[in-house]
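Student: With the sequence up front, the predicted model follows.
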Amino acid sequence: MSSPAAQSGSPNSINSSGRSPSGRVRPHSWKTSFEILAASVPAFITGWAAAKYTILFPYWDDWSLFPLLESWRLGTFSWMDLWRQHNEHRIIAAKLIHVPLAWLTRWDMRPMIAMNFLTALAGWFFLIRLIHREKDSLGRGGRWMLLLAGGISLFTFRQYENWIWASELVCFLAASSALGSSVLLSENPLTFGRFAAAVSLAVIGSFSFSSGLVIWPAGFIVLVLPGWRSRWKLAGLWSIIAALVLCVWMIGYVKPSHHPPLVFDPLKLLRYVMVYLGSFFSLNPHTGLMFGAAGVLAFAGLTVHFFRSRKNSSSLFAGFSGLCLFALFNGLLTAAGRAGFGEVQATASRYAAFSALFWIGLSGLLLGARPQFRQKIRDVCFLSLFLEGLFLFVLAGAAAASVRSFPGIVELQRGVHQDVAEYLDHPAEAHLYHVYTEPDKIRPNIEKLRSWSFSVFAPDQEARLRASLTGIRPYPQRAYYAPEK
């Protein structure tokens, strides 16, 4: 029989999550290393696709970087250039990366896409740490299955825009920051160094994308969820820092005039959030609604189970619940500002970076609850089988959605490159409508890029763009759905 200290979930107790009493995670064995390598195959495939199908010309929101490059060139770059809103976001972290990188590379999109991929890899490393930390709690085979699900979900082609569109670094920064903060805050024991690192990630996420702001409420719940009294002081400090960040974030904030009014209708908000989460599997809003509703119900049921079985004090529950809560809060925040555009907008490819975290978190809870049912009498073993079946359904759905979405990455690059090539041959604004909504505004900027020898006007860049169109049929003209972030 375990000691009271072990049962209480005390930070000083020896736990069964693959750690020593000091809280250090046991090092990887060769078998674990092989499992991680195998689960990283989706990352290798996505990395290859991102390199091959990179959009080599500034596209849509990429053009918001041009005034910063011009200021940098003229020597007038200032703090206000960083602080200025992009729609309803503060993207300071992305600007600090993009401006010097674009200037040094003559706005070559390939290094910028590489930053997108590297940021996603950072999130993958955090997830690997979480899964390895909880490998004993996940049970036999659970670690491998969750690694496989995590690799497929994080590197899914469902978010095809993010992999080949440079400006989508903001999504990866926010998502990886949320993943990292959840992993760090659920550590047992939670050292001040880990807490400080989680705070740093939350700040980076907040000033990368407005979605990053919900890292704070999700992180607070992760801190207090296990019920460890030693965390209440840190939870209070976390709340104070969150309030300060929000106050700073709101300085000079102006609601974009071209956005619809905020939505407060509970039914509209609920439907949008369900579609937002479920669109990870299907672009059809009705199908996405059903997937999302099923996922939220499963999360609620698992939360009740963990509390009733007194397993809410486990770091596994705190870590994976944090991912689900971030995605839920993120969907709600997005719904408040974007539900006015309609439910179809909730299926935008870029949002898959956030909804993926919900399904990864849910998968972790499903596999974490499975061994508990197996330890009970045979009459309830069917619940364990049900959880395994539900997990396999999520895994198969994520894989199928990724495969179905791959053509989107090819079509997007081909359509943009074809229009840019036609513009280079016959400069006319009619060729720029797929590149930017108001081509008359970017045409002077394109000529400046030509004079600077930037982008496709740099050595070999135009040839590289035209080479991407070699041997393919002309792409039929159509309007691209690329709503603002």
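Tutor: Thanks, I have the structure now.
Student: Is it correct that Leu185 is in contact with Gly219?
Tutor: Yes: when contacts are counted by CB atoms under 8 Å, Leu185 is listed as touching Gly219 (5.4 Å). Every residue, glycine included, has its C-beta placed from N, CA and C.
Student: Touching both of these two, which residues are there?
Tutor: Common neighbours of Leu185 and Gly219, counting by CB atoms under 8 Å, 6 or more residues apart in numbering, are Ala198, Gly322.
Student: quick one, what contacts Gly397?
Tutor: Phe281, Phe291 are the contacts of Gly397 under CB under 8 Å, 6+ apart.
Student: could you redo the last one with a cut-off of 6 Å?
Tutor: With contact taken as CB atoms under 6 Å, 6 or more residues apart in numbering, Gly397 is in contact with Phe281.
Student: Check it and give its pLDDT.
Tutor: Confidence at Gly397, expressed as pLDDT, is 86.
Student: before we move on, what SS does it have?
Tutor: helix (DSSP: H, G, I helix; E, B strand; the rest coil).
Student: Check the spacing between it and Thr32 real quick.
Tutor: Per CB to CB, to the nearest Å, Gly397 is found 27 Å from Thr32.
Student: And Cys247, by the same measure?
Tutor: As judged by CB to CB, Cys247 and Thr32 stand 44 Å apart.
Student: Compare these two and say which is more crowded by neighbours.
Tutor: Thr32 (19 against 9; other CB atoms under 10 Å).
Student: Break down the stretch 301-450 of the chain into its helices, ranges please.
Tutor: With DSSP state H, counting those that start in this stretch as the criterion, the stretch 301-450 of the chain has helices at 315-338, 352-374, 381-425, 439-452.
Student: nearest to Trp48, of those?
Tutor: With CB to CB as the criterion, Trp48 lies closest to helix 381-425 of the helices of the stretch 301-450 of the chain, at 11.2 Å.
Student: how far does that closest one sit from the chain's center?
Tutor: 15 Å (CA atoms, centre = their mean, to the nearest Å).
Student: Kindly report the same for stretch 445-465.
Tutor: 31 Å.
Student: Identify the residues contacting that stretch?
Tutor: With CB under 6 Å, 6+ apart, stretch 445-465 has contacts from Leu56, Phe57, Phe66, Arg106, Trp107, His417.
Student: helix, strand or coil for the third one?
Tutor: Spelled out, that is Phe66. helix.
Student: OK, contacts around it?
Tutor: Phe66 touches Asn445, counting by CB under 6 Å, 6+ apart.
Student: Would you check how far apart it and Ser200 are?
Tutor: From Phe66 to Ser200 the distance is 30 Å (CB to CB).
Student: ok, back up a step: nearest to Ala166, out of the helices of the stretch 301-450 of the chain?
Tutor: helix 381-425 (12.1 Å).
Student: Might you list the low-confidence residue ranges for the stretch 351-485 of the chain?
Tutor: 371-387, 471-485 (pLDDT under 70).
Student: Try it again at 50.
Tutor: The stretch 351-485 of the chain contains residues with pLDDT under 50 at 377-380, 475-485.
Student: same deal with the chain?
Tutor: 1-18, 20-22, 377-380, 475-485.
Student: Give the closest residue to Ser167 in space, chain neighbours not counted.
Tutor: In space, and not counting its chain neighbours, Ser167 is closest to Asp61: 4.2 Å by CB to CB, 6 or more residues apart in numbering.
Student: how many other residues sit next to the one you found?
Tutor: Asp61 has 19 nearby residues by other CB under 10 Å.
Student: Give me the distance between it and His89.
Tutor: For Asp61, the distance to His89 (CB to CB) stands at 10 Å.
Student: same question, Ile45
Tutor: To His89, Ile45 is 30 Å away according to CB to CB.
Student: who has more neighbours, those two?
Tutor: Higher neighbour count among Ile45 and His89: His89, with 20 against 15, using other CB under 10 Å.
Student: what bridges to the more buried one?
Tutor: Beta-bridge partners for His89, by DSSP bridges, are His86.
Student: Would you mind measuring from it to Gly322?
Tutor: Counting by CB to CB, the gap between His89 and Gly322 amounts to 22 Å.
Student: ok, now Tyr272?
Tutor: Counting by CB to CB - Tyr272 and Gly322 are separated by 22 Å.
Student: again with Ser33
Tutor: 26 Å.
Student: These two - which one has more neighbours?
Tutor: Neighbour tally, Ser33 and Gly322, criterion other CB under 10 Å: the higher count belongs to Gly322, 28 against 11.
Student: Tell me who's in contact with the nearest residue to the more buried one once chain neighbours are set aside.
Tutor: Among residues not flanking Gly322 along the chain, Ser182 sits closest, at 3.2 Å (CB to CB, 6+ apart). Residues in contact with Ser182, defined by CB under 6 Å, 6+ apart, are Val222, Gly319, Gly322, Leu323.
Student: Looking at these, which is nearest Phe117?
Tutor: Nearest member of the contacts of Ser182 to Phe117, counting by CB to CB, is Leu323, at 20.6 Å.
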